[in-house]
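Colleague: Below are the sequence and a predicted model; questions follow.
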Amino acid sequence: QVQLVESGGGLVQAGGSLRLSCAASGRAFSSVTMGWFRQAPGKERESVAAINWNGGRTVYADSVKGRFTISRDNAKNTVYLQMNSLKPEDTAVYYCARTWGFNDPLNQKYDYWGQGTQVTVSS
């Protein structure tokens with residue numbers, strides 16, 4: 001059974017930073033691609049970033065490129081999302097999820113999802 005638990009969300013002023021964490025259970029963590037997604041009220045869920053199994057490949061949505069950094073620590077079964085220069089439009093519930101392979105990580109199907117953590121950026 002795979003469980004993903006996000007943490008680190010909160011309220012921050014525009015221009016501030018937050019680091020999200022996603023702790024995963026299960027022995028396959030070091031073999032899988034991990035992704036971060038977000039969903040704002042009234043909007044569709046969008047891809048934010050993804051990282052391959054060993055951290056050697058990453059990809060970002062254009063809206064966060066240069067501001068967000070995804071990383072992972074396989075020894076801790078954890079993936080992170082460092083968010084800098086936050087904007088009010090980054091306000092959303094952020095989810096981590098798991099997939100296999102790195103063919104099209106911002107668009108491919110993910111099989112396990114966390115429950116989400118709220119990020120609110122005030123202007």
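Modeller: Nice, I can see it.

Colleague: residues in contact with residue 83?
Modeller: Counting by Cβ atoms under 8 Å, 6 or more residues apart in numbering, residue 83 makes contact with 17, 18, 19, 20, 64, 67, 68, 90, 119. Just so you know, the C-beta spots here come from the backbone N, C-alpha and C atoms, and that holds for glycine as well.

Colleague: cutoff 6 Å now
Modeller: In this structure, residue 83 makes contact with 18, 68, judged by Cβ atoms under 6 Å, 6 or more residues apart in numbering.

Colleague: Same question for residue 16.
Modeller: Contact criterion Cβ under 6 Å, 6+ apart gives residue 86 as the residues in contact with residue 16.

Colleague: before we move on, what about residue 110?
Modeller: Under the contact definition (Cβ under 6 Å, 6+ apart), the residues listed for residue 110 are 97, 99.

Colleague: Look at it and tell me its secondary structure.
Modeller: The three-state label given to residue 110 by DSSP: H, G, I helix; E, B strand; the rest coil is coil.
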